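A.B. asks: the following block contains a protein sequence and its predicted model.
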Amino acid sequence: MIVARAHWLAPDGSPVDGSIEVAGGRIRLRPGDPGPAEGAGVIDASGCLVLPGLVDPHVHLREPGQAWKEGVANGSRAAAAGGITTLFDMPNDRPPTTTTARLAEKASIFERSCVVNWGLHLHALPEPERVDPTTIASAKLYMARASEAPGLSDPAGVEAVLRAYPRVTVHAEDGTLFPVAAGLPHDLARPRHAVVAALGILEGALRRISVEGRPRVVLCHAATAEEVAWLRRLKAEGFDLYGETCPHYLYFTATDARRVGSLLQVNPPLRDPADRDALLEAVADGTIDWIASDHAPHAPEEKAGPHPPSGIAGAERALPLLLHLRDRGVLSWVRLVEVGCARAAACYGLAGRGGIHDGAAADLVLVRKGEAPVVRPPVTRAATDVYRDVALGWHVVTTLVGGVVVVRDGTPVKTPGPPPGRRIVP
């Protein structure tokens with residue numbers, strides 16, 4: 001396969017024109033060579049920008065247990081439509097992925113159904129068996145309840161998880177501090193001081209562990225200025241620490257959530273404009289390492305019900321949202337690649353998925369900028385797009401996973417044989 005008349009970015013962000021040869025799931029660049037005009041196996045990239053596929057380490061595809069909300073097959077198609085070519089699925093399933101047996105059951109579903117590359121997180125608890133860390137993306141520490149398993153915020157339990165696994169991802173809200181009063185706005189029902197307390201517990205546990213014994217820690221979906229300050233301080237001290245945020249924290253605030261309602265209800269909650277501004281600054285300066293979708297779909301009737309669940313389905317807008325931040329001046333081209341794939345690839349040990357270079361994985365996305373936004377029906381079973389009023393100037397045209405076209409003209413397509421996505425064990 002040849003991606004002809006291509007335009008892509010060099011590692012320093014400078015533009016390159018030529019063609020990209022795809023063979024054996026890898027790429028070879030041909031700068032200055034436009035490639036063949038037409039023919040079998042030729043993708044005409046005229047008018048497009050070719051970018052590396054996104055690495056999204058934080059999605060919820062709701063299978064096993066709640067496939068009717070999304071499912072691996074449909075959710076991975078939605079991800080591909082948003083330019084995501086590698087994803088890691090979170091473990092708060094029904095039942096939660098807490099053991100080797102449950103991990104194997106879930107892996108079999110992904111092997112049969114996932115059209116993009118994938119990995120799995122483990123739901124970390126202090127007492128069950130220790131799962132082989134080479135089979136998981138991370139051990140996920142939920143400090144507030146996120147499944148039928150309890151939240152874990154007691155210092156001894158947190159420390160036990162940190163000692164047990166070399167890479168730990170953290171949802172930092174101390175659920176024991178949530179007020180019991182009913183009817184509060186969502187951001188007050190999960191108050192800011194619960195985040196601050198969770199960070200204190202996490203930091204205390206890390207400091208009780210020797211430098212040699214500490215794991216790599218990922219602070220998931222940072223939503224507050226306090227988390228930004230915490231990341232800056234501990235990174236400056238040399239902790240092996242990565243920061244993640246999500247598009248909804250960069251585009252919306254608690255005021256929007258109160259106006260729009262349950263479609264913007266998410267955990268952790270949306271916060272204040274000052275928090276959004278702190279996050280945007282942290283994304284620009286590198287304190288935040290990457291932007292993950294936290295794709296968390298629910299059925300429309302659930303979101304419209306009297307007790308709506310938390311979660312925003314945003315995977316299929318992932319790359320256009322990053323490109324919109326680039327157009328706004330928040331991101332340089334180099335930072336766009338870093339927050340989209342390179343930093344997550346570095347954290348999780350994904351060789352060949354940090355940019356476009358000779359020998360890189362043939363996980364590519366062709367995007368096009370237009371004056372009018374392209375409106376397509378949502379792929380996700382959540383059947384909604386919370387970003388519909390954001391004037392996104394870019395849209396995904398084609399997505400390749402391992403050199404196989406999975407999105408054409410912006411629409412997911414069926415591929416012959418088994419799905420092209422493969423398991424990536426960091």
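C.D. replies: Looks like it came in fine. Numbering: from 1, shown residues only.

A.B. asks: for the closest residue to A10 other than its chain neighbours, give its distance to R259.
C.D. replies: With Cβ to Cβ, 6 or more residues apart in numbering as the criterion, A10 has its nearest non-adjacent residue at 5.3 Å, and that residue is V16. Bear in mind the C-beta positions are built from the backbone N, C-alpha and C, glycine included. Separation of V16 from R259 (Cβ to Cβ, to the nearest Å): 44 Å.

A.B. asks: looking only at neighbour counts, state which of the two leads.
C.D. replies: More crowded of V16 and R259, by other Cβ atoms under 10 Å: V16, with 16 against 10.

A.B. asks: surely that one and L49 touch.
C.D. replies: No - using Cβ atoms under 8 Å, V16 makes no contact with L49, being 10.8 Å away.

A.B. asks: intersection of neighbour lists for the two?
C.D. replies: 7-9 (Cβ atoms under 8 Å, 6 or more residues apart in numbering).

A.B. asks: of these, keep whichever come out buried.
C.D. replies: Buried members of the shared contacts of V16 and L49, counted by 16 or more other Cβ atoms under 10 Å: 8-9.

A.B. asks: of the shared contacts of V16 and L49, which one scores lowest on pLDDT?
C.D. replies: Ranked by pLDDT, these bottom out at L9, which has 94.

A.B. asks: partners of that residue in the sheet?
C.D. replies: Bridge pairing for L9 (DSSP bridges) gives the partners P15.

A.B. asks: a markdown table for the shared contacts of V16 and L49, including distance to I27?
C.D. replies: Shown next, in a markdown table, are these (distance: Cβ to Cβ, whole Å):
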| residue | distance to I27 |
| --- | --- |
| H7 | 15 |
| W8 | 10 |
| L9 | 14 |
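
A.B. asks: pLDDT of the top helix by length along the chain, averaged?
C.D. replies: Secondary structure of the chain per DSSP state H: the longest helix is helix 192-208. Here helix 192-208 scores 98 as its mean pLDDT.

A.B. asks: contact partners of that helix?
C.D. replies: 143-144, 153, 155, 158-159, 162, 170, 172-175, 177-178, 214, 217, 223-224, 226-227, 230, 234, 239, 268, 271.

A.B. asks: circling back to that earlier point, need the pLDDT of the residue nearest to A10.
C.D. replies: Looking at V16, the pLDDT reads 97.

A.B. asks: can you pull the contacts of it?
C.D. replies: Counting by Cβ under 8 Å, 6+ apart, V16 has contacts 7-10, 29, 31.

A.B. asks: how about a cut-off of 10 Å?
C.D. replies: 6-10, 29-32, 50, 356 (Cβ atoms under 10 Å, 6 or more residues apart in numbering).

A.B. asks: please apply the same query to R130.
C.D. replies: 100, 122, 124, 139, 164-165 are the contacts of R130 under Cβ under 10 Å, 6+ apart.

A.B. asks: helix or strand: which one has it?
C.D. replies: Using DSSP states H and E, R130 sits in no helix or strand.

A.B. asks: now A344
C.D. replies: Secondary structure (DSSP H and E) places A344 in helix 343-348.

A.B. asks: quick one: buried residues of the helix or strand that that helix is followed by?
C.D. replies: Following helix 343-348 in sequence order, the next helix or strand is strand 364-369 (DSSP H and E). Buried positions in strand 364-369, judged by neighbour count with 16+ other Cβ under 10 Å: 364-368.

A.B. asks: quick one: strands adjacent to strand 364-369?
C.D. replies: In its sheet, and by DSSP bridges, strand 364-369 pairs with strand 49-52 (antiparallel), strand 394-401 (antiparallel).

A.B. asks: mind checking which helix or strand R388 is in?
C.D. replies: R388 belongs to no helix or strand when assigned by DSSP H and E.

A.B. asks: once you drop chain neighbours, what's closest to it?
C.D. replies: Nearest to R388 is V375, by Cβ to Cβ, 6+ apart, at 7.9 Å.

A.B. asks: check contacts around that neighbour.
C.D. replies: Applying Cβ under 10 Å, 6+ apart, the residues contacting V375 are 385, 388, 392, 395.

A.B. asks: just the buried residues out of these, in PyMOL syntax.
C.D. replies: Only the buried entries of the contacts of V375 go into this PyMOL selection, using 16+ other Cβ under 10 Å:
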select buried, resi 385+392+395
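
A.B. asks: quick one: which of the contacts of V375 is nearest to K414?
C.D. replies: Nearest to K414 among the contacts of V375, counting by Cβ to Cβ, is H395 at 21.0 Å.

A.B. asks: so C220 touches I288, yeah?
C.D. replies: No - here C220 does not reach I288: they are 11.4 Å apart, not a contact under Cβ atoms under 10 Å.

A.B. asks: need the residues touching each of the two.
C.D. replies: 227, 242-245.

A.B. asks: now these in a markdown table, with secondary structure, distance to R328 and neighbour count?
C.D. replies: Output for the shared contacts of C220 and I288, formatted as a markdown table (DSSP: H, G, I helix; E, B strand; the rest coil; distance: Cβ to Cβ, whole Å; neighbours: other Cβ atoms under 10 Å):
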| residue | secondary structure | distance to R328 | neighbour count |
| --- | --- | --- | --- |
| E227 | helix | 22 | 28 |
| Y242 | strand | 24 | 23 |
| G243 | strand | 20 | 26 |
| E244 | strand | 20 | 24 |
| T245 | strand | 16 | 27 |
